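> The sequence isn't on hand, but the structure is:
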């Protein structure tokens, strides 16, 4: 029970941290979207590819780097098998190779055994999967961030005027 409570607190802490960044709402929403895109790429064991891609894209597009790092957590150990399965299915539509990947038990030996073709299938599948998810993240998060900031500004204004 305490693990779930700690996880809930951690998510809320990062959520508020992102919303309170001292940058534009567009920059935060774009950073989240780019992070989600990077998070859709396969998590290669021992290599923080998702975080590197999210940060690199945030630098290129001048988006919030912290929001990009938070966005990469769309893919986490609790749902990697779903992402691997989706990346594999989408990638196989583009590159029809005959390889077997078990998304439930991927580890470094599995990446080595499927070879470059298998990793390429997962990368292409992840890149394609990341486009609509990143776009959806931007479309949903931008008005939420703007609304949060507007409510917070009104709350602070009311507090200041009541103190005077």
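The structure has been received and is ready for your questions. Because the structure is a prediction, the values reported are computed rather than measured.
> elements contacting the longest helix seen in the chain?
As assigned by DSSP state H, the longest helix anywhere in the chain is helix 108-163. Secondary-structure packing of helix 108-163 (3 or more CB pairs under 8 Å, 6 or more residues apart in numbering; DSSP states H and E): helix 2-19, helix 25-39, helix 80-94. C-beta coordinates here come from the backbone N, C-alpha and C atoms, glycine included.
> Next secondary structure after the second one?
I take that to be helix 25-39. On the C-terminal side of helix 25-39, the closest following helix or strand by DSSP states H and E is helix 49-60.
> any idea of the angle that next one forms with helix 25-39?
Counting by axes from the mean of the first three to the mean of the last three CA atoms, to 10 degrees, helix 49-60 lies at 150 degrees to helix 25-39.
> Now do whatever helix or strand comes next after helix 49-60: distance to the chain's middle.
Under the assignment DSSP H and E, the closest C-terminal helix or strand after helix 49-60 is helix 65-71. Per CA atoms, centre = their mean, to the nearest Å, the displacement of helix 65-71 from the mean C-alpha position of its chain is 8 Å.
> Retrieve the pLDDT associated with residue 106.
Looking at residue 106, its pLDDT is 60.
> Quick check: residue 23 vs residue 127, distance?
26 Å (CB to CB, to the nearest Å).
> More neighbours: these two, which one.
residue 127 (18 against 14; other CB atoms under 10 Å).
> Residue 83 reaches residue 130, doesn't it?
No - contact criterion CB atoms under 8 Å: residue 83 and residue 130 do not qualify, at 9.9 Å.
> What separation do you get for residue 32 and residue 144?
10 Å.
> residue ranges with poor pLDDT in this structure?
1, 3, 19, 45-46, 99-114, 164 (pLDDT under 70).
> which residues are contacting stretch 33-40?
49-55, 57-58, 61, 63, 67-75, 83, 87, 126-127, 129-131, 133-135, 137-138, 141 (CB atoms under 8 Å, 6 or more residues apart in numbering).
> Please repeat the previous calculation with a cut-off of 6 Å.
The contact list for stretch 33-40, computed with CB atoms under 6 Å, 6 or more residues apart in numbering, reads 50, 53-54, 57-58, 63, 68, 71-72, 74-75, 126, 129-130, 133-134, 137-138.
> returning to that earlier point: gap between the longest helix of the chain and the chain center?
Centre to centre, stretch against its chain (CA atoms, centre = their mean), the figure for helix 108-163 is 5 Å.
> between it and helix 2-19, how many degrees?
60 degrees.
> Tell me what angle helix 108-163 forms with helix 80-94.
120 degrees.
> Many thanks, we can stop here.
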